[in-house]
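Q: Sharing a model prediction with you, sequence too.
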Amino acid sequence: MKLKDIAQQAGVSISTVSRVLRSPDTNAASKEVRDRIWKIVRETGYLPNETARALKSGKETQQTQTAQSIYCLIATSPEEQKDDAFYTRLITSIEYEALKSKYILEYTFSAPDLSSESTLQRLKENRASGLIIIGRFQPELLNQIRQYFKHVVYTGLNTINAPCDQVICDGYQAVCDMVQYFYKHGHREIAYIGASPDVRLNGYLDSLAALDLPRQDSLIIDDIIPSMNGGYRSMTKLINGALPFSAVCCANDTTAIGALRACKDLNVRVPDDISIMGMNDIETIQYVSPMLSSISVPLEEMGRMTVKLLIDRISGGHRLPVRSYLPYYIVERESCR
């Protein structure tokens, strides 16, 4: 299999295939084209040029003869994944880094798929070298998945109380800093929109307590799927509620986009009346008006480190569980004052 063969099957140019495989940047091609190319890569077991050159020169090894495979489990619901570029960017980075290391991301599935007999059968028969779990999950899920995979690495915003390798951008502390940011800018009635259980909600509540701000349950909406629709409905409920508020912490950017739209529809000015901040700093939030402030999460680096940690685990490089934390920072834009 060569680049031109992938290009022919995908119906794109060779240069487009090359751009997609050489960079995790989502601007390399449209999502539809990227998905089509990576699907062909997974199905054919395509290896990068350096491996092909090694084979031609007679320097082949067991590792260069066949691409090893890994699986990916997205622990959140399909509805939450649908809107959120968090997952797209992270998986793209994982696929790119895996390919560089002669691994193929062969199969991606969601937690609800574990109730499907066909998925369970595939897991029983899998020959993958390891599994990456993305998104918050309960430790019971790890116990269930361990029967199918010896090597497991988790990546996400929640620290998991489980004996597995973890690559984390600390969502708990990020929301603590978000609340602190609003407090320093004079806000005292700060609302929250997200899901539960979740460390981001814990960070919000602990920060209120640390700042001696009262917990007001009517300003906390923690029973939604973090999505545009969830953000819209939640913000509408908050605005129509009895208690005033001047700032909102959103669990992710897609929720913040929905909240922003609700403000527009209800003639609430952002940021004059209400300040809004999301998390993940996805590209879309720079193209809404006003542009949304957000917590920037290093998704590409999370994907790279997760793959490297999994491969090191597979090769016996370490035995005890490793927990790596990556930094984040607040990006101030037009939605906050």
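A: Looks like it arrived, so ask away.

Q: Around Lys202, how many other residues sit close by?
A: In this structure residue 202 is Asn, not Lys. Using other C-beta atoms under 10 Å, Asn202 has 16 other residues around it. No exception for glycine: its C-beta is placed from N, CA and C like everyone else's.

Q: check contacts around it.
A: Contacts for Asn202 were tallied using C-beta atoms under 8 Å, 6 or more residues apart in numbering; they are Tyr172.

Q: buried set for the helix or strand containing it?
A: Per DSSP states H and E: Asn202 is located in helix 199-210. By neighbour count with 16 or more other C-beta atoms under 10 Å, helix 199-210 contains the buried residues 199-208.

Q: what would these look like in CSV with pLDDT and distance to Ala262?
A: Output for the buried residues of helix 199-210, formatted as CSV (pLDDT from 0 to 100; distance: C-beta to C-beta, whole Å):
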residue, pLDDT, distance to Ala262
Val199, 91, 25
Arg200, 94, 20
Leu201, 96, 20
Asn202, 96, 25
Gly203, 97, 23
Tyr204, 98, 20
Leu205, 98, 23
Asp206, 98, 27
Ser207, 98, 24
Leu208, 98, 23
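
Q: Format those residues as JSON lines; extra columns: distance to Lys308.
A: Shown next, in JSON lines, are those (distance: C-beta to C-beta, whole Å):
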{"residue": "Val199", "distance to Lys308": "24"}
{"residue": "Arg200", "distance to Lys308": "26"}
{"residue": "Leu201", "distance to Lys308": "31"}
{"residue": "Asn202", "distance to Lys308": "29"}
{"residue": "Gly203", "distance to Lys308": "28"}
{"residue": "Tyr204", "distance to Lys308": "32"}
{"residue": "Leu205", "distance to Lys308": "34"}
{"residue": "Asp206", "distance to Lys308": "32"}
{"residue": "Ser207", "distance to Lys308": "33"}
{"residue": "Leu208", "distance to Lys308": "38"}
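
Q: And those residues, which is closest to Leu310?
A: Each of these was checked against Leu310 using C-beta to C-beta; the closest is Val199, at 22.7 Å.

Q: right, and that closest one touches Gly156 too?
A: No: when contacts are counted by C-beta atoms under 8 Å, Val199 is not listed as touching Gly156 (9.6 Å).

Q: Spit out the residues that contact the two alike.
A: 136, 171.

Q: What pLDDT does the model give Glu106?
A: pLDDT, Glu106: 87.

Q: Name the SS class of it, please.
A: Using DSSP: H, G, I helix; E, B strand; the rest coil, the structure places Glu106 in strand.

Q: Skip the chain neighbours and tell me the closest residue to it.
A: By the measure of C-beta to C-beta, 6 or more residues apart in numbering, the closest residue to Glu106 outside its immediate chain neighbours is Ser69, 3.8 Å from it.

Q: Just name the shakiest helix or strand of this structure by mean pLDDT.
A: Least confident element among the helices and strands of the chain, by mean pLDDT, DSSP states H and E: helix 62-65 (a mean of 40).

Q: which residues in the stretch 101-250 of the chain form strands?
A: Residue ranges of the strands in the stretch 101-250 of the chain, as given by DSSP state E, counting those that start in this stretch, are 103-110, 130-134, 152-156, 165-169, 190-193, 220-221, 247-250.

Q: Point out the other elements, helices or strands, that the shortest one touches.
A: Under the contact criterion of 3 or more C-beta pairs under 8 Å, 6 or more residues apart in numbering; DSSP states H and E, strand 220-221 touches strand 190-193, helix 228-239.

Q: possible to save the ones you listed as CSV with distance to Ile257?
A: Supplementary listing: these in CSV, determined by distance: least, C-beta to C-beta, whole Å:
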stretch, distance to Ile257
strand 190-193, 12
helix 228-239, 5
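
Q: Report the residue spans of the stretch 51-200 of the chain with pLDDT below the cut-off.
A: 51-67 (pLDDT under 70).

Q: domain assignment for the chain?
A: Domain assignment of the chain by automatic domain parsing yields the ranges 3-170+298-326, 171-296.

Q: How much space separates Phe86 from Met277?
A: Remark: distance between Phe86 and Met277 (C-beta to C-beta, to the nearest Å) = 16 Å.

Q: Could you export stretch 179-192 as PDB, CA atoms only?
A: Provided in PDB are the C-alpha atoms of stretch 179-192 (Å, rounded to 0.1, in the frame of the first residue of the first chain):
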ATOM      1  CA  VAL A 179     -13.800  30.800  39.500                       C
ATOM      2  CA  GLN A 180     -10.800  32.700  40.800                       C
ATOM      3  CA  TYR A 181     -10.600  34.600  37.500                       C
ATOM      4  CA  PHE A 182     -14.300  35.700  37.800                       C
ATOM      5  CA  TYR A 183     -13.800  36.600  41.500                       C
ATOM      6  CA  LYS A 184     -10.800  38.800  40.800                       C
ATOM      7  CA  HIS A 185     -12.900  40.600  38.100                       C
ATOM      8  CA  GLY A 186     -15.600  41.400  40.700                       C
ATOM      9  CA  HIS A 187     -18.100  38.600  40.200                       C
ATOM     10  CA  ARG A 188     -19.700  37.100  43.300                       C
ATOM     11  CA  GLU A 189     -22.800  35.300  41.900                       C
ATOM     12  CA  ILE A 190     -21.100  32.600  39.700                       C
ATOM     13  CA  ALA A 191     -23.100  29.900  38.000                       C
ATOM     14  CA  TYR A 192     -22.000  26.500  36.700                       C
END
